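Visitor: Let me see the structure of the following:
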Amino acid sequence: MSAWAVIVAAGRGARSGLEQNKVFFEIDGRSVLSKCLDAFEASGLVAGIVLVISEGDRAAYDALAEREGPHPLVKRVVYGGATRRDSVRNGLMALPEDADVVAVHDAARPFVTRSVIDATLRSARAHGSGVISTPVVDTVKQLMPDGSVTTPDRASLRAVQTPQSFDVKKLRAAHERAFEEGLAVTDDAMLFEHYYGDLKLVTAEGAERNRKLTTREDFDALNRQAAPAMRVGQGYDAHRLKEGRKLILCGVEVPHDRGLDGHSDADVAVHALMDALLGALALGDIGKHFPDSDPAYKGISSMRLLEHVMGLVRQKGWRVVNADVTIVAQKPKLSAYIPRMRENLAKAMGVGTDCVNVKATTTERMGFEGEMIGISAQAVCLVRQ
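Guide: Predicted coordinates for the structure are as follows:
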């Protein structure tokens, strides 16, 4: 049995005043949706995610995944319905058979913490439900049908959020009944309470930060926050030219009478770039992560190694802003291949090609590059949190 999450991102967010679905809004260079998915991935508490989006946002989501990198926990993407209730129901129907508890969460809450997710899932397993809640800090007035006003005891009031976690079978059954009866609800907690007459509210550290991004003021406030942390990395590598080897640079095979010698495909430019990325995050160098004594890396494409390094970058909570690579070679001429090189690197790093520069230069026949003994490369990158 396993815990899964259904993350709902199918709304339009009209109150945000944005031209697009608010989940695609960038916070420090990463979308609200990606930050939400990152939080669940970092928690290590769910086996997979069913992502619910609107059919009209499919192209925007695919572009986001291409730009910001895939989210390995997103196992299934389904389309939402006419209401939030319908969207959640569609997500529940896509859960695998071994899912016993599910955390239903709004993508517009990207600041959810591991402790919050854990508290709701634990309660769902123990009691059938677990809904994160916070005390109400304002005095609440209730307007009665006759126009009179009453004041509920604030100590007895709770504001509920998502995630809201439940026993999968129970929540599915409740949604099926609600669908058949046309029951209008604002969230799954209300639906579960209606059919089962009980609901477990939980609290956890970090719940006060688990706010939902709703209005334009919410997004403007994010833009006014302090600039994110940034780091610069620098890398250098050199390889000897050798007959009988292919010349691979930035994942592109370049016709030449010799290729670069090395344990992998010896893509000197990608090696320099990987060292720059690892250096920016103080993670050592490529020799530490991909030792030439390990047969697993014999002849491997350096582009695959770059994908692994980018996984480390994202795991640490960073993203690439831009990168600049310089290849130093007397021959061959590389200008015709540079556009493809930039495309390869941009795709691997999850950025646009306008964020990647590749240059080629000679040394006027000086040094080992000028004497065509080998080729070197230098790289510099900027990453931000």
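
Visitor: alpha carbons only for contacts and neighbour counts from here, please
Guide: OK.

Visitor: among the helices and strands of the protein, which has the poorest mean pLDDT?
Guide: helix 216-224 (a mean of 71; mean pLDDT, DSSP states H and E).

Visitor: Show me how far it is from its chain's centre.
Guide: Its chain's C-alpha centre and that of helix 216-224 lie 21 Å apart, by CA atoms, centre = their mean, to the nearest Å.

Visitor: Stretch 169-187 too?
Guide: That offset, for stretch 169-187, works out to 30 Å (CA atoms, centre = their mean).

Visitor: What are the contacting residues of it?
Guide: 84-86, 89, 92-93, 100, 128, 191-192, 195 (CA atoms under 8 Å, 6 or more residues apart in numbering).

Visitor: ok, 10 Å please
Guide: 83-86, 88-90, 92-93, 99-102, 104, 128-129, 160-162, 164-166, 168, 188-196 (CA atoms under 10 Å, 6 or more residues apart in numbering).

Visitor: re the thing from before, output the least confident helix or strand of the chain as CSV - backbone C-alpha positions only.
Guide: Provided in CSV are the C-alpha atoms of helix 216-224 (Å, rounded to 0.1, in the frame of the first residue of the first chain):
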residue,chain,number,x,y,z
ARG,A,216,-3.3,40.0,-7.4
GLU,A,217,-2.0,41.4,-4.1
ASP,A,218,-0.6,38.0,-3.2
PHE,A,219,1.5,37.9,-6.3
ASP,A,220,2.6,41.5,-6.1
ALA,A,221,3.8,40.8,-2.6
LEU,A,222,5.9,38.0,-3.8
ASN,A,223,7.5,40.2,-6.4
ARG,A,224,8.4,42.7,-3.7
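
Visitor: and that helix, what does it pack onto?
Guide: Applying 3 or more CA pairs under 10 Å, 6 or more residues apart in numbering; DSSP states H and E, we find helix 216-224 packed against strand 26-27.

Visitor: Which of the three states applies to the residue of the chain most remote from its centre?
Guide: Seen from the C-alpha centroid of the chain, the residue lying at the greatest distance (CA atoms, centre = their mean) is D146, 49.9 Å away. Taken by DSSP: H, G, I helix; E, B strand; the rest coil, the conformation at D146 corresponds to coil.

Visitor: Which residues belonging to the strand or helix carrying F192 are considered buried?
Guide: Secondary structure assignment for F192, by DSSP states H and E: helix 188-196. Going by neighbour count (16 or more other CA atoms under 10 Å), the buried part of helix 188-196 is 188-189, 191-192.

Visitor: Just the buried residues from the contacts of stretch 169-187, in PyMOL please.
Guide: Selecting only the buried entries of the contacts of stretch 169-187 in PyMOL, with 16+ other CA under 10 Å as the criterion:
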select buried, resi 84+85+86+88+89+90+92+99+100+101+102+104+128+129+160+161+162+164+165+166+168+188+189+191+192
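
Visitor: I'd like to know which of the contacts of stretch 169-187 are part of helices.
Guide: 84-86, 88-90, 92-93, 168, 188-196 (DSSP state H).

Visitor: For the closest residue to R258 other than its chain neighbours, give its distance to K298.
Guide: Once flanking residues are discounted, R258 sits nearest to E243: 4.5 Å by CA to CA, 6 or more residues apart in numbering. Between E243 and K298 the computed distance is 18 Å (CA to CA, to the nearest Å).
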